[in-house]
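# missing the sequence, but the structure's below:
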């Protein structure tokens, strides 16, 4: 006998005391997406695949994804070599050579073009 998956989402949502709108906001999807998942119109295939993954790997759903910290961008981007040295905590050369001056100018020009 062929079996069809019947979503249990509505039952679990109601048991948790949530409306479709509240669940949609918690999950980060639209309310109509929740309605489609609960009715079985869409989403069932993906849930079944996740269940198969877990059975094959003998793990929980939470084990399938590892969350890692993403390094934050600096609040301000350097506009000169002095700024870069300050950000890195390194000493600037005692005398500014023409190469450093040229690099500062090139960096500033590229910043202006990017605006």
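Thanks, I have it. Model, not experiment: these values are computed from the prediction. Residues are numbered from 1 along each chain as shown.

# ok, and what's touching whatever helix or strand residue 56 lives in?
Per DSSP states H and E, residue 56 falls inside helix 44-57. For helix 44-57, the surrounding residues in contact (Cβ atoms under 8 Å, 6 or more residues apart in numbering) are 5, 7, 37, 59, 60, 61, 63, 64. Yep, even glycine has a C-beta here, placed from its N, CA and C like the rest.

# what's the burial count for residue 35?
Neighbour count of residue 35, defined by other Cβ atoms under 10 Å: 15.

# Enumerate every residue touching it.
residue 20.

# ok, the residue nearest to the spatial centre of the chain - contacts?
For the chain, the residue nearest the mean C-alpha position is residue 70 (8.9 Å; Cα atoms, centre = their mean). Not one residue lies near residue 70 by Cβ under 8 Å, 6+ apart.

# now do residue 26
Neighbours of residue 26 in contact, by Cβ under 8 Å, 6+ apart: residue 18.

# and it, what helix or strand is that in?
helix 20-27.

# What's the separation between the residue nearest to the centre of the chain and residue 76?
19 Å (Cβ to Cβ, to the nearest Å).

# which stretches of this structure form helices?
For the chain, the helices defined by DSSP state H occupy 9-15, 20-27, 31-39, 44-57, 81-88, 98-114.

# one step back: mind giving me the PyMOL command for buried ones among the contacts of helix 44-57?
To isolate the buried members of the contacts of helix 44-57 in PyMOL, using 16 or more other Cβ atoms under 10 Å:
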select buried, resi 7+37
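
# What is the burial count for residue 55?
For residue 55, using other Cβ under 10 Å, the count is 9.

# wait, I meant residue 16
Residue 16 sits with 10 neighbouring residues when counted by other Cβ under 10 Å.

# in the helix holding residue 56, what's buried?
For helix 44-57, by 16+ other Cβ under 10 Å, it's residue 44.

# mean confidence score for that helix?
When pLDDT is averaged over helix 44-57, the result is 92.

# My guess is residue 87 contacts residue 77. True?
No. Using Cβ atoms under 8 Å, residue 87 is not in contact with residue 77; the gap is 9.4 Å.

# Just the pLDDT for the nearest residue to residue 111 once chain neighbours are set aside.
Nearest residue to residue 111, sequence neighbours excluded (Cβ to Cβ, 6 or more residues apart in numbering): residue 79, at 6.0 Å. We have a pLDDT of 73 for residue 79.
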